[in-house]
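A.B. asks: sequence and predicted model, in that order:
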Amino acid sequence: LMYQTLKSTLEKLNQDIFLQCHRSYIVNRMHVIQLTQDSLILANKTFVPIGPSYKKELIANMNR
């Protein structure tokens, strides 16, 4: 078993592809099919919440 924070995990991932959208979630932007007011909808129809503190940066990253 290994313990690692999401922050340290995200630092190891390609940040052009992986985005943190909530304190508990990192998503692969290639699987995001829709951005709503408060969540991301993934290709497998999973809804992932967007945390208020991540929203502005997430929207900027999704638009590039």
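C.D. replies: Received it, and whenever you're ready, just let me know what you need.

A.B. asks: for this protein, which segments count as strands?
C.D. replies: 18-22, 25-28, 32-35, 39-42, 47-49 (DSSP state E).

A.B. asks: same list, the ones you listed, but as JSON lines with mean neighbour count and mean pLDDT please.
C.D. replies: Placement of C-beta: from N, CA and C, glycine included. What follows is those, written out as JSON lines (neighbours: other Cβ atoms under 10 Å; pLDDT from 0 to 100):
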{"stretch": "strand 18-22", "mean neighbour count": "20", "mean pLDDT": "96"}
{"stretch": "strand 25-28", "mean neighbour count": "16", "mean pLDDT": "97"}
{"stretch": "strand 32-35", "mean neighbour count": "14", "mean pLDDT": "96"}
{"stretch": "strand 39-42", "mean neighbour count": "17", "mean pLDDT": "98"}
{"stretch": "strand 47-49", "mean neighbour count": "14", "mean pLDDT": "98"}
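
A.B. asks: show me the one of those that comes nearest T9.
C.D. replies: Closest approach to T9 among the strands of the chain (Cβ to Cβ): strand 25-28, 6.7 Å.

A.B. asks: what is the closest one packed up against?
C.D. replies: Under the contact criterion of 3 or more Cβ pairs under 8 Å, 6 or more residues apart in numbering; DSSP states H and E, strand 25-28 touches helix 6-12, strand 18-22, strand 47-49.

A.B. asks: the second one pairs with which strands?
C.D. replies: Strand 18-22 has its sheet partners listed here by DSSP bridges as strand 25-28 (antiparallel).

A.B. asks: using CSV, list the CA coordinates for the partner strand.
C.D. replies: Only the C-alpha atoms of strand 25-28 are listed here, as CSV (Å, rounded to 0.1, in the frame of the first residue of the first chain):
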residue,chain,number,x,y,z
TYR,A,25,-10.6,14.1,-8.0
ILE,A,26,-8.1,14.3,-10.9
VAL,A,27,-9.6,13.7,-14.3
ASN,A,28,-8.2,13.0,-17.8
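
A.B. asks: what does it contact?
C.D. replies: Contact with strand 25-28 is made by 6, 9-10, 13, 17-21, 40, 42, 48-49, as judged by Cβ atoms under 8 Å, 6 or more residues apart in numbering.
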